[in-house]
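In: give me a 3D structure for the following:
(6 chains)
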Protein chains: 6
Amino acid sequence: MPYVKIEVIEGVTREQKAAVVADVTRSLVDRLGKRPEQVFVVIDEVSADNWGAAGILVSEREAAKREVASAANSSQ
Amino acid sequence: MPYVKIEVIEGVTREQKAAVVADVTRSLVDRLGKRPEQVFVVIDEVSADNWGAAGILVSEREAAKREVASAANSSQ
Amino acid sequence: MPYVKIEVIEGVTREQKAAVVADVTRSLVDRLGKRPEQVFVVIDEVSADNWGAAGILVSEREAAKREVASAANSSQ
Amino acid sequence: MPYVKIEVIEGVTREQKAAVVADVTRSLVDRLGKRPEQVFVVIDEVSADNWGAAGILVSEREAAKREVASAANSSQ
Amino acid sequence: MPYVKIEVIEGVTREQKAAVVADVTRSLVDRLGKRPEQVFVVIDEVSADNWGAAGILVSEREAAKREVASAANSSQ
Amino acid sequence: MPYVKIEVIEGVTREQKAAVVADVTRSLVDRLGKRPEQVFVVIDEVSADNWGAAGILVSEREAAKREVASAANSSQ
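Out: Numbers count the residues shown, from 1 in each chain, chains lettered A, B, ... in the order given. As a prediction, this is how the structure comes out:
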């Protein structure tokens, strides 16, 4: 009866989701002896505006990286 | 102070949500003696592309069912 | 395929849990048309030391209430 | 390695999210001695149609308040 | 930055947990291109008294199965 | 009506929990304008056997570190 929740930054294709669901289900069947039809996997795609790491929103960190890269290019 | 999270495949009307919230709150009040204003219920509607069961995305299983039904119809 | 998580302060009997699981499952069957065998309900009993409301641990608020009650009794 | 999930009614600006992520991360660093790069904070904005309190959807309670306010205005 | 939560009925060995954590992390690295050090996996072992399926606590269903088996044995 | 869940490796004192609950509640009051009595914070202390990072259980990584430290000491 396992239930699995996967939270990941958005931008995952349907094929990627299908592959992860298959992998995770197989692991729970192989390692824990669960029946596959009892395994639920829910994927939650989270906006980069809604995920913080090291105290900063992922969206802000990516914007800062782009600025640094842009400044490096324009100073060449 | 109970908190309840309900995850369900998307496609639930506002009336259905209101009914489930009322039912679940009443159960926690009646069975556990909680005060209703302390019961939070959060409903999370999950896309069929983001829910896996038995190792397969729900969206893929439904597509497969439609193909089988369509093949059955066209072979008549 | 609904999944339900119920978080509640610890101190719930097995009979109470069974009643809540039955109620919640019936609601999802009646209101949303789900099949009962597809409804998972997980109950998470949380220690009063691990639940905060209004900025205070539930265990601390209860201790404060007991002190007030005790002071009221001893001052009579 | 703390993981924090914050569920809140939708309508939060990016600046507010950034401030909350910074506050929560600082608290876990200062109070628990965690390293900031190990703190994940995920914000989940929930529709007022998907949040129930006291047995009623937040969206319905707000609609009821607006009706009362409107009736009070028109009866003046 | 994926975060994975796995809820499973209690009774999982440390070796099983280590194998599942390794499998799930590898899947997110291989399928989604995540870096392994950014993958968190949290396992939550749930008591059979706290998990309901098909409207019945798992602990009650198992007790009912044992009674049936015992009755079958004693009637032979 | 915010709900906050904090998952952290076990070994947190009651004083630390109280401080984190106070900090997080204040942040949601100050930043988002929420009323404190509507803020729930639930702390989930997770065993080092149940938390995986970079594909390895935290308990195993700590055991490996202790072995390395012990080997370094005994070789001096």
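In: name the helix or strand of chain A that has the lowest mean pLDDT.
Out: Lowest on mean pLDDT, DSSP states H and E among the helices and strands of chain A sits helix A:58-74, with a mean of 91.
In: surely A:Ala18 touches B:Ala63?
Out: No. The pair A:Ala18 / B:Ala63 is not scored as a contact, 11.3 Å apart, by C-beta atoms under 8 Å. Yep, even glycine has a C-beta here, placed from its N, CA and C like the rest.
In: for the two, indicate the residue with more neighbours.
Out: Neighbours per residue, other C-beta atoms under 10 Å in any protein chain shown: of A:Ala18 and B:Ala63, the larger number sits with A:Ala18, 18 against 12.
In: quick one: that one is in a strand?
Out: No. A:Ala18 is assigned helix when assessed by DSSP: H, G, I helix; E, B strand; the rest coil, not a strand.
In: grab the nearest non-local neighbour of it.
Out: Closest residue to A:Ala18 apart from its sequence neighbours, by C-beta to C-beta, 6 or more residues apart in numbering or on different chains: B:Leu57 at 5.2 Å.
In: pretty sure that neighbour contacts B:Asp49?
Out: Yes. B:Leu57 lies in contact with B:Asp49 (C-beta under 8 Å); the separation is 6.1 Å.
In: intersection of neighbour lists for those two?
Out: A:14, A:17 (C-beta atoms under 8 Å, 6 or more residues apart in numbering or on different chains).
In: of these two, who's got more company?
Out: Ranked by neighbour count (other C-beta under 10 Å), B:Leu57 and B:Asp49 place B:Leu57 first, with 24 against 18.
In: what sits against the more buried one?
Out: Going by C-beta under 8 Å, 6+ apart, B:Leu57 touches A:14, A:17-18, A:21, B:48-51.
In: one more time with 7 Å
Out: Residues in contact with B:Leu57 (C-beta atoms under 7 Å, 6 or more residues apart in numbering or on different chains) are A:17-18, A:21, B:49, B:51.
In: ok, so of these, who is nearest A:Tyr3?
Out: Of all those, B:Trp51 has the smallest distance to A:Tyr3: 11.0 Å, by C-beta to C-beta.
In: tell me how many other residues crowd the closest residue to A:Glu10 other than its chain neighbours.
Out: Once flanking residues are discounted, A:Glu10 sits nearest to A:Glu45: 3.9 Å by C-beta to C-beta, 6+ apart. By other C-beta under 10 Å, the residues close to A:Glu45 number 15.
In: got it, and A:Ser59?
Out: By other C-beta under 10 Å, the residues close to A:Ser59 number 18.
In: pretty sure it is touching A:Asp49, no?
Out: Yes. Because the distance of 4.7 Å satisfies C-beta atoms under 7 Å, A:Ser59 is recorded as touching A:Asp49.
In: circling back to that earlier point, quickly note the distance from the residue nearest to A:Glu10 to chain D.
Out: 11 Å (C-beta to the nearest C-beta, to the nearest Å).
In: how about A:Val21?
Out: 20 Å.
In: and A:Arg61, by the same measure?
Out: In this view, A:Arg61 and chain D are 11 Å apart by C-beta to the nearest C-beta.
In: just give the nearest non-adjacent residue to that residue, would you?
Out: Using C-beta to C-beta, 6+ apart, the nearest residue to A:Arg61 is A:Ala53, at 7.5 Å.
In: for the one you found, which residues make a bridge with it?
Out: A:Ile56, D:Phe40 (DSSP bridges).
In: count of residues packed around it?
Out: By other C-beta under 10 Å, the residues close to A:Ala53 number 20.
In: wait, it sits on D:Pro36?
Out: No. Using C-beta under 7 Å, A:Ala53 is not in contact with D:Pro36, being 8.6 Å away.
In: dump stretch A:14-32 to CSV, restricted to CA.
Out: Taking Å, rounded to 0.1, in the frame of the first residue of the first chain, the C-alpha atoms of stretch A:14-32 are listed here in CSV:
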residue,chain,number,x,y,z
ARG,A,14,5.1,13.1,-19.7
GLU,A,15,7.6,10.6,-20.9
GLN,A,16,9.9,11.5,-18.0
LYS,A,17,7.0,11.2,-15.5
ALA,A,18,6.1,7.8,-16.9
ALA,A,19,9.7,6.5,-16.6
VAL,A,20,10.0,7.7,-13.0
VAL,A,21,6.6,6.2,-12.0
ALA,A,22,7.7,2.9,-13.6
ASP,A,23,11.1,3.0,-11.8
VAL,A,24,9.8,3.9,-8.4
THR,A,25,7.0,1.3,-8.6
ARG,A,26,9.4,-1.4,-9.6
SER,A,27,11.7,-0.5,-6.7
LEU,A,28,8.9,-0.9,-4.2
VAL,A,29,7.8,-4.2,-5.7
ASP,A,30,11.4,-5.6,-5.9
ARG,A,31,12.7,-4.3,-2.6
LEU,A,32,9.7,-4.4,-0.3
